[in-house]
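Chemist: Have a look; sequence and predicted model below, questions after that.
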Amino acid sequence: MIEIYNKDFINDFEDYLKIDKNYSANTLESYIRDIRFFLEYENKKIDDITKKDIDNYILHILPNYTETSVNRVIASIKSFYKYLSIYKGFINVAEDVESLKRKKALPKYLSIEEVNQLLDIKLESTFDYRNKAMLELLYATGLRASELINLDINNIDLKNMVVNVFGKGSKERIVPLSKLAVNYLDLYINKYRSLLFVKNKKPTDALFLNNHGERITRQGLYKMIGEIAKKQGINKEITPHVLRHSFATNMIECGADIRSVQEFLGHENVVTTEIYTHLANNFIKDNYNEYFNRSKKE
């Protein structure tokens, strides 16, 4: 009897997710499965369930579910009761149910020694010079992968040693360049870039070109960095974002002001940048323990 009573509400909710919210088949299946399991466990009419019942159910699944899965179940239940309160006149007993607080993982980054190892590539071919310019630019500026591949040649100002970047939300920022980055960009732009043009194809304004004479793709950039890391003997997964994190962390380790790093990275909120202070603090602690651990001497 309870199951029959609840069934109509579940069916209506499923139609709402499918038609009004236009959820994908997989998302829809997950939501409805979560709700069915929850109601089977409670074995009550929906309008008899309390917040305490929901909390007890979360405690019940906690030992056997991952943190991500528990939060998905909570999201499903909250969405279900929000729907019921708006369209069926129920009290939203799930409104104050809180998701598990996720531990914010510190981003992966390379030490300065590892960066030097990665960037110390042999320069023999046209692509070597292109790759060197890309790597030096990535590490010197902390650009996102999308920002790098979307650069046009006129975004680089070698004379004033800056790059004009269009970041998230088409927000423009001007980022300084290191002398090394300028040096290899100069070589690439003025000597090697034209060698990547393809005969009978109109040259593009894109800064970094692939073997088809076109703008390098995101996939091409990731593949290039992965291959170089492997060739250089670095047994870590290295992506453009790892270089971005490395740039920011190394800047703070060397004493840069967090607001400056925020400007470099194009973060709208300084809170986003503050994670790098945690990395730098770990670095400082490691050095403190290494060089000022008196217990080793006693």
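Modeler: Looks like it came in fine.
Chemist: Output the contacting helices and strands for the biggest helix by length in the chain.
Modeler: Assignment by DSSP state H gives helix 67-87 as the longest helix of the chain. Helices and strands touching helix 67-87, by 3 or more CB pairs under 8 Å, 6 or more residues apart in numbering; DSSP states H and E, are helix 2-15, helix 25-42, helix 51-61. In this view, the C-beta of every residue, glycine as well, is placed from N, C-alpha and C.
Chemist: CA atoms of whichever helix or strand comes after that helix as PDB?
Modeler: With elements assigned by DSSP states H and E, the helix or strand that comes after helix 67-87 is helix 112-119. Once non-C-alpha atoms are left out, helix 112-119 reads as follows in PDB (Å, rounded to 0.1, in the frame of the first residue of the first chain):
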ATOM      1  CA  ILE A 112      61.700  24.100  -9.900                       C
ATOM      2  CA  GLU A 113      64.100  21.200 -10.500                       C
ATOM      3  CA  GLU A 114      61.400  19.200 -12.300                       C
ATOM      4  CA  VAL A 115      60.400  22.200 -14.400                       C
ATOM      5  CA  ASN A 116      64.000  22.700 -15.500                       C
ATOM      6  CA  GLN A 117      64.200  19.000 -16.400                       C
ATOM      7  CA  LEU A 118      61.000  19.200 -18.400                       C
ATOM      8  CA  LEU A 119      62.000  22.400 -20.300                       C
END
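Chemist: where does residue 271 land on pLDDT?
Modeler: If you check residue 271, the pLDDT there is 62.
Chemist: my guess is residue 233 contacts residue 114, does it?
Modeler: No - counting by CB atoms under 8 Å, residue 233 does not reach residue 114; the two are 10.3 Å apart.
Chemist: what about the two, which has more around it?
Modeler: When neighbours are counted by other CB atoms under 10 Å, residue 233 and residue 114 differ, and residue 114 comes out ahead with 17 against 8.
Chemist: residues touching that one, list them.
Modeler: 234, 236, 246 (CB atoms under 8 Å, 6 or more residues apart in numbering).
Chemist: And the first one, how far from residue 142?
Modeler: Right, residue 234. Per CB to CB, to the nearest Å, residue 234 is found 19 Å from residue 142.
Chemist: just for this structure, where's the confidence low?
Modeler: Applying pLDDT under 70 to the chain flags the ranges 1-2, 102-107, 269-272, 274-298.
Chemist: With that, I have no additional questions.
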